[in-house]
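Q: sequence? don't have it. structure:
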């Protein structure tokens, strides 16, 4: 079993998943899923709390629905969630944050900035 924290990447764009896996390999135990329903199934079968990087626009279950489901769960209600989306309106960002996302990053993005945002969120979680 890895001692690295889990980074759960949920995005239907293969290029984004691959970029994030390459960037975060060795820093996190990276799990890549391509939809919200896959993410919910994964969460049902795992006990370690991951940091979740989540797209909003996915074909099966929206990122907003995933945020609401995660926040409603007993086990994962405190999991750090960063939305990574091409939606850049202030209304979208506000809706995500009010629904329970911890941060919002607009695509295209700088992986180093995303890493800094993840580190900032993880500092508040006891090891």
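A: All right, it came through fine. Here the structure is a predicted model, which means the values were calculated and not measured.
Q: what's stretch 79-93 in contact with?
A: 11, 16, 49-57, 63, 67, 70, 96, 100-107, 109, 114, 117-118, 121-122, 125 (C-beta atoms under 8 Å, 6 or more residues apart in numbering). Heads up, the C-betas are built off the backbone N, CA and C, glycines and all.
Q: can you pull the buried residues of that stretch?
A: Neighbour-count burial for stretch 79-93, with 16 or more other C-beta atoms under 10 Å as criterion, is recorded at 79-85, 87, 92-93.
Q: taking those one by one, which sit in strands?
A: Using DSSP state E, the members of the buried residues of stretch 79-93 that fall in strands are 81-85.
Q: so among the buried residues of stretch 79-93, where is pLDDT lowest?
A: The pLDDT minimum for the buried residues of stretch 79-93 sits at residue 87, where the score is 87.
Q: residue 37 - that's part of a strand, no?
A: No: for residue 37, which was evaluated using DSSP: H, G, I helix; E, B strand; the rest coil, the result is helix, with no strand membership.
Q: against residue 7, how distant is it?
A: Distance, residue 37 to residue 7, by C-beta to C-beta, to the nearest Å: 19 Å.
Q: can you list the buried residues of stretch 79-93 in a markdown table and add distance to residue 28?
A: Compiled in a markdown table, these are given as follows (distance: C-beta to C-beta, whole Å):
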| residue | distance to residue 28 |
| --- | --- |
| 79 | 14 |
| 80 | 12 |
| 81 | 15 |
| 82 | 13 |
| 83 | 18 |
| 84 | 15 |
| 85 | 20 |
| 87 | 25 |
| 92 | 26 |
| 93 | 24 |
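Q: so which of the residues you listed is the closest to residue 20?
A: Nearest to residue 20 out of the buried residues of stretch 79-93 is residue 84 (C-beta to C-beta; 8.3 Å).
Q: name whatever forms a beta bridge with the closest one.
A: With beta bridges defined as DSSP bridges, residue 84 has these partners: residue 105.
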